[in-house]
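1. Mind folding the following:
(2 chains)
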Protein chains: 2
Amino acid sequence: MNDTFLKACRGEPTDYTPIWMMRQAGRYLPEYQKVRRGRTFLELCKSPELCVEVTLQPIDILGFDAAILFSDILVPMEAMGLELEFHEGRGPVFPQTVRDRAALDRLIVPDPHESMGFVMETIRLLRKELKVPLIGFAGAPFTCATYLIEGGSSKVFWETKKMMFSAPELFHGLMEKITLCTIDYLKAQAEAGAQALQLFDSWAGILAPCDYETYAFPYVQRIIEALRPAGVPFIYFANNGATLLDYSARSGADVIGLDWRINIGEAIQRVGDKAVQGNIDPFALLLPEDQLRARIQKLLDDASQAKGHIFNLGHGIHQFTPPEQAKIAVDAVHELSRR
Amino acid sequence: MNDTFLKACRGEPTDYTPIWMMRQAGRYLPEYQKVRRGRTFLELCKSPELCVEVTLQPIDILGFDAAILFSDILVPMEAMGLELEFHEGRGPVFPQTVRDRAALDRLIVPDPHESMGFVMETIRLLRKELKVPLIGFAGAPFTCATYLIEGGSSKVFWETKKMMFSAPELFHGLMEKITLCTIDYLKAQAEAGAQALQLFDSWAGILAPCDYETYAFPYVQRIIEALRPAGVPFIYFANNGATLLDYSARSGADVIGLDWRINIGEAIQRVGDKAVQGNIDPFALLLPEDQLRARIQKLLDDASQAKGHIFNLGHGIHQFTPPEQAKIAVDAVHELSRR
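-> Residues are numbered from 1 along each chain as shown, chains lettered A, B, ... in the order given. Predicted structure coming up:
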């Protein structure tokens, strides 16, 4: 069992810097494309055997130090009672949005074992196969809320902020329900065998710090607090969150995920005694090998003062990334951090 | 002549905090919609009399302390020899992208008086009408380059970063040509009568600081340096640029534009003796009047240590914003900053 990743999460010494990549089980791998062919994305998410297969692929092929459950942050939103579709090229779509009290009242807080049993089954199966730790995850409430309010992805999040600013009670009511769902969901993942948990706040970065503090942060804190008894390391990733780092550091998370927009050394100074995860620009994987290795060396140097460092991209690996470039990065991190 | 805006740019004392809003001449105003109807966006941009009309509208209707030339950052890109279209709902489109040496070689550095005479004519006409200062502008080279490389707007800027990381000479060649074009264009605007200049770096925030330093910042510095003899205040706005602020402060600009993601007090500490412009979330204009006024008061308080402060939104005003809410903000800034 390779537990380098878990040691780094806990700030314990490691022989080398562990590495995994957000979206490492995904479209950039031809092996994933093969499994995905002929079925919808959601069908794949709900087939434990296939989820196990695609979760294992990047571990076997590229040698990552942690696996992350193959699923989607919107799976529990569907379980709350909303129809969810994934449209090719457009992303997730909720045909029924949540923009009034009636729609909010219709949402349920699901029993994750009943409506998302396929996720727990995937976790149980994975634990039998894996030689590296398994990360479970959920979307942070604010990020999930934006999809329900907008009805899918958004560029400017007009409807979300309109609700925040002109109907705050409705907004907080939605956040409350998503938070309760997320707590139950993550607890179930930990009970099923997830050895670390990550909360993805993909859209936190659209908020001014004062609004993040009011509308998003309290729910993040509650989730992390509620998961403390589970006894697994907790990673909080607020994407585009350079100006939210002081909050992230106080979120209760053991590990602070960093996007690529901030120098990791500066971030480490600001988060104090927390471990950090990140943060090379995913597109920097396109650099020629010598330059990619030099950039990785620089990042490892900049992160040398971290209490713990898990190497990762600053965002998900892009679908057009050649897998061999990802392999160069994995090998470089392992080799250069041993010195 | 109300020169409060120019005084604030220069860090001189003012009786109150001046305010204007990015995209203040635009779709949120019914008066603008009326002028726009029946013609394309580019036709409007190329009609000096109509540009004058829509530039004046927000000054007359809402009482802003500065006017900004009605135009688009991509106008000079068209003048470089590329066909430009604006598609409703999709934004700008360049059917011919710039992704290889041949396409780069076809780009010309235009004489702005010849190919963009309509802009200079608009400026000359506006100066006869305006009782507030007139801001000219251009897109920063990196931001303009993304549109040429991607062929329009982008979510992840794959093609741009691919060129940066795998064909850096080509990328720098493109930046060089855009920089030369931008310098001539801004010089012509200042000669025609623009009393301040703003460089919009809308997409700077997609770059890691180390890449911004290599691929974008040197061109910003060159433009600002080249415009120094024009003797007008220079505003540099790197959108989503919290982690780039130290560069912005060294850019040579007199005023640093701030998006809404950073607390203005923290930003002021980092930019030192520069004036700042910003930075309320454009969507916060939807707040009820008492809360909007309270937020403005807080922002004015937070900005009290600035060498100069020009109140603005942290991004362009959204098309669905009720103009009466913008008016509340203008009046609140004027009233509350006089105390």
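2. So which elements touch the helix or strand hosting A:Pro92?
-> If you go by DSSP states H and E, A:Pro92 is part of strand A:91-93. Counting contacts by 3 or more CB pairs under 8 Å, 6 or more residues apart in numbering or on different chains; DSSP states H and E, the secondary-structure elements packed against strand A:91-93 are strand A:85-87. In short, each C-beta sits where N, CA and C put it, glycine included.
3. What lies in contact with the strand it packs on?
-> Residues from elsewhere that reach strand A:85-87, judged by CB atoms under 8 Å, 6 or more residues apart in numbering or on different chains: A:40-42, A:92-95.
4. nearest to chain B, of those residues?
-> Set against chain B, the nearest of the contacts of strand A:85-87 by CB to the nearest CB is A:Pro92 (14.2 Å).
5. Next one, pLDDT for the residue in the stretch 101-250 of chain A that chain B sits nearest to please.
-> Residue nearest to chain B within the stretch 101-250 of chain A (CB to the nearest CB): A:Lys161, separated by 3.8 Å. Confidence at A:Lys161, expressed as pLDDT, is 98.
6. how much space between the closest residue to it other than its chain neighbours and A:Ala216?
-> Using CB to CB, 6 or more residues apart in numbering or on different chains and skipping the chain neighbours, the partner closest in space to A:Lys161 is B:Phe283 (3.8 Å). For B:Phe283, the distance to A:Ala216 (CB to CB, to the nearest Å) stands at 15 Å.
7. Around chain B, which positions in the stretch 201-339 of chain A sit nearby?
-> By the rule CB under 8 Å from any CB of the partner chain, the part of the stretch 201-339 of chain A lying against chain B is A:205, A:207-211, A:240, A:242-243, A:260-263, A:266, A:281, A:283-284, A:286-288, A:291, A:295, A:298, A:314, A:318, A:320.
8. These in helices, which ones?
-> Members of these lying in helices (criterion: DSSP state H): A:209-211, A:266, A:291, A:295, A:298.
9. buried subset of the residues you listed?
-> A:209-211, A:295 (16 or more other CB atoms under 10 Å in any protein chain shown).
10. Dump those to a markdown table, plus pLDDT.
-> A markdown table is the format used below for those (pLDDT from 0 to 100):
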| residue | pLDDT |
| --- | --- |
| A:Pro209 | 98 |
| A:Cys210 | 98 |
| A:Asp211 | 98 |
| A:Arg295 | 98 |
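11. Closest one of the residues you listed to A:Ala25?
-> Closest approach between those and A:Ala25, by CB to CB: A:Arg295, at 24.2 Å.
12. That closest one is in contact with A:Ala284, isn't it?
-> Yes: between A:Arg295 and A:Ala284 a contact is recorded at 5.9 Å, counting by CB atoms under 8 Å.
13. any low-confidence regions in chain A?
-> Scanning chain A for pLDDT under 70 picks out nothing.
14. now the residue sitting nearest the centre point of it, what's its secondary structure?
-> Nearest to the centroid of the C-alpha atoms of chain A, with distances taken as CA atoms, centre = their mean, sits A:Phe200, at 3.9 Å. Using DSSP: H, G, I helix; E, B strand; the rest coil as the criterion, the local structure at A:Phe200 reads strand.
15. That one bridge partners, please.
-> Applying DSSP bridges to A:Phe200 gives these bridge partners: A:Gly139, A:Phe237.
16. Can you give me every residue that contacts it?
-> A:73, A:137-140, A:143, A:237, A:239.
17. again, but for A:Pro92
-> In this structure, A:Pro92 makes contact with A:72, A:74, A:84-86, A:147, A:152-153, judged by CB under 8 Å, 6+ apart.
18. Tell me the most packed of these, by neighbour count.
-> Within the contacts of A:Pro92, most neighbours by other CB atoms under 10 Å in any protein chain shown means A:Tyr147, with 26 neighbours.
19. so who does it touch?
-> Residues in contact with A:Tyr147, defined by CB under 8 Å, 6+ apart, are A:74, A:77, A:92, A:94, A:153.
20. wait, the fourth one sits on A:Ser153?
-> When you say that, I think you mean A:Phe94. No: counting by CB under 8 Å, A:Ser153 is not a contact partner of A:Phe94; they are 10.5 Å apart.
21. And the next helix or strand past the helix or strand hosting A:Leu104?
-> Assigned by DSSP H and E, A:Leu104 falls within helix A:101-106. Scanning the chain past helix A:101-106 towards its C-terminal end, the next helix or strand to appear is helix A:112-115 (assignment: DSSP H and E).
22. which is the next helix or strand following that following helix?
-> helix A:117-129.
23. mind listing what the residue in chain A sticking out farthest from the centre touches?
-> Residue distances from the centre of chain A (CA atoms, centre = their mean) peak at A:Ala102, which lies 30.4 Å from the mean C-alpha position. Residues near A:Ala102 by CB under 8 Å, 6+ apart: none.
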